[in-house]
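> my questions are about this predicted structure, shown below with the sequence.
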Amino acid sequence: QVQLVESGGGLVQAGGSLRLSCAASGRTFSMYLMGWFRQAPGKEREFVAAISWNGGSTYYVDSVKGRFTISRDNAKNTVYLQMNNLKPEDTAVYYCAGGRFVGNSYYYTNKYDYWGQGTQVTVSS
């Protein structure tokens, strides 16, 4: 069993930065592919970024490429999402998720085994 707890959300002006963290419990964290998703009001949850178990591979949705960076520290059981040059359209609840057998299906929510409770990110114009 893995529990995920996100932190770092908040209110920021357009062009600003935030760093989200996701702390995981359990000794098998390093075996999981980790992802970040977001959900805006009235919209479906969408993929943002993912990182392989050893950090060797990262994946991003086109809308955040060049602005967001996902990373992980397996010694601290933590995954991060550095968000720069934030835009109002980035406003959403951000969720981290972990999966053992995600493979190349990191884009799909149903491939992940565990989810955090979410953290609100609001970008004002």
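Sure, I can see it. Numbers count the residues shown, from 1 in each chain.
> residue contacts, the spatially most central residue of the chain?
In the chain, the centroid-proximal residue (C-alpha atoms, centre = their mean) is Trp36; its distance is 2.1 Å. Trp36 is in contact with Leu20, Cys22, Val48, Ala49, Ala50, Ile70, Val79, Leu81, Tyr94, Tyr95, Cys96, Ala97, counting by C-beta atoms under 8 Å, 6 or more residues apart in numbering. Every residue, glycine included, has its C-beta placed from N, CA and C.
> any idea which of these is the one closest to Gln117?
Closest approach to Gln117 among those (C-beta to C-beta): Tyr95, at 7.9 Å.
> helix, strand, or coil at the closest one?
Classification of Tyr95 using DSSP: H, G, I helix; E, B strand; the rest coil returns strand.
> next one: it from Gln13, what distance?
23 Å (C-beta to C-beta, to the nearest Å).
> again with Thr69
Where Gln13 is concerned, Thr69 sits at a distance of 20 Å (C-beta to C-beta).
> these two: which is more packed in?
Thr69 (17 against 10; other C-beta atoms under 10 Å).
> for the more buried one, which non-adjacent residue is spatially closest?
Gln82 (4.4 Å; C-beta to C-beta, 6 or more residues apart in numbering).
> in stretch 99-106, what's buried?
Of all the residues in stretch 99-106, those buried under the rule 16 or more other C-beta atoms under 10 Å are Gly99, Val102, Tyr106.
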